[in-house]
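> Pasting the sequence and the predicted model now:
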Amino acid sequence: MKPEGKLLMGFQKALTNTSMQIEKLNLVIKELVKEKNEEKERFIARLVAENEKDKVDKDDMLERMSQIDTLLTTTV
């Protein structure tokens, strides 16, 4: 085989290996992005749950204040 043929075959093999490595990296990147998106979704869900709890706590506090106000108004 001519040296040019060997060189071409080596180049093709290197390209194939590089392409395979790129594909593997793309899969790793996709998995990392998926994990980050899931992490963001969990974080947002946690914030929403905390917000809902705070809203319920606030409503309970306002209700208690209203009851106390009524009690104080009627006793005075």
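Arrived safely, thanks for sending.

> In the protein, where is pLDDT below threshold?
Scanning the chain for pLDDT under 70 picks out 1, 76.

> Now with 90, please.
The model of the chain has pLDDT under 90 over residues 1-15, 17, 73-76.

> in it, which spans are helices?
Residue ranges of the helices in the chain, as given by DSSP state H, are 3-75.

> which residue is nearest the centroid of it?
Centrality entry for the chain: nearest residue to the mean C-alpha point is Lys40, 2.3 Å, by Cα atoms, centre = their mean.

> any idea how far Asp60 is from that residue?
Using Cβ to Cβ, to the nearest Å, one obtains 30 Å as the distance from Lys40 to Asp60. Quick note: C-beta positions are derived from backbone N, CA and C, even for glycine.

> now do Thr74
Where Asp60 is concerned, Thr74 sits at a distance of 21 Å (Cβ to Cβ).

> and what of Lys2?
87 Å.

> higher neighbour count, the two?
Neighbours of Lys2 and Asp60, each counted by other Cβ atoms under 10 Å, are more numerous for Asp60; the result is 10 against 7.

> Report the separation between the more buried one and Glu41.
Distance from Asp60 to Glu41, by Cβ to Cβ: 29 Å.

> And Gln12, by the same measure?
Taking Cβ to Cβ, one finds Gln12 at 43 Å from Glu41.

> before we move on, what about Ile68?
According to Cβ to Cβ, Ile68 and Glu41 sit 41 Å apart.
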